[in-house]
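# take a look and give me a structure for this.
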Amino acid sequence: MKFIIKLGFIFFVSWVLYIIPAKFLPMDIFNIREIKVQGNSKNLSSELTELATSLYNNNTWEINFNEIQNFLDNDVRIKKSDVEVVSLGKVVITVEERKLKYYAQIGNKVYLVDDEGVVFGFLKEKDELDTYFIKVDKEEDIKDLLKICRRIDDNILKNLVSQIYEKNKNCVEIVLTDGTVIKTDYEVKKEKYKIVENLYYELVKTRKIEYIDLRFNDFIVKSLGDKNNGK
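Below you'll find the model as predicted:
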């Protein structure tokens, strides 16, 4: 008798395990009826619309959401993303698009760079931003110069920067819009950029400056002459 009960129980469990995926899960109530896309995804709108269209009216249990997540994560334009089934038939896709912080000149091409130093597009793919150029030979060199960019970006002087590049292993040059060069290296502390900002604004009132060198204990300034006498 016990054997028959056990056999009946096993049969019942097997039947339930069969009936759930075969009859219950394919029901229309599990079809996706609402897809909400949120985030600052202006430049990805067409791709996200296409993704949402491909998901609509498909059964939740038949969709590989990990695959969709990986697809979004592998798009270099996307900083963070999340795909979540929030309720029966409703999916929310959240996308944080990378924001333009700098331009990178690599060879003869100009690229878009975010605050992490990630190249995520070409010049014409975003509206122009009033920012400066990071000039490098290779993409992987951007993150080294980013260390200096972060030290100058809190200062008003940042608004006058035209480009930054590594002249050699001992010297990085920051070129201002008036042609003044600020010589620095990776060891110069953030506080010193604040001091040179004040020094520059004071000197430029009366002088034409070729460069200001921050790499030593004292600031080294090379002047091209007094503005007032035309030299």
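
# okay, and the beta partners of Tyr102?
According to DSSP bridges, the residues that bridge with Tyr102 are Val113.

# wait, doesn't it sit right on Val136?
No - taking contacts as CB atoms under 8 Å, Tyr102 lies outside contact range of Val136: 10.9 Å. C-beta: built from backbone N, CA, C; applies to glycine.

# compare neighbour counts for these two and give me the winner.
Set Tyr102 next to Val136 and count neighbours by other CB atoms under 10 Å: Tyr102 wins out with 24 against 19.

# show me what contacts the more buried one?
Val113, Thr131, Tyr132, Phe133, Ile134, Cys149 (CB atoms under 8 Å, 6 or more residues apart in numbering).

# mind doing that once more with 10 Å?
111-115, 117, 119, 129, 131-134, 142, 145-146, 149, 153, 161, 163-164 (CB atoms under 10 Å, 6 or more residues apart in numbering).

# any quick ChimeraX command for the buried ones out of those residues?
The ChimeraX command for the buried members of the contacts of Tyr102 (criterion: 16 or more other CB atoms under 10 Å) is given here:
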select :111,112,113,114,117,119,131,132,133,134,142,145,146,149,153,161,163,164
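
# in helices, which of the contacts of Tyr102 fall?
Ile142, Leu145, Leu146, Cys149 (DSSP state H).

# following the biggest strand by length in the chain, which helix or strand comes up?
The longest strand of the chain (DSSP state E) is strand 78-87. As assigned by DSSP states H and E, the chain's next helix or strand after strand 78-87 is strand 90-97.
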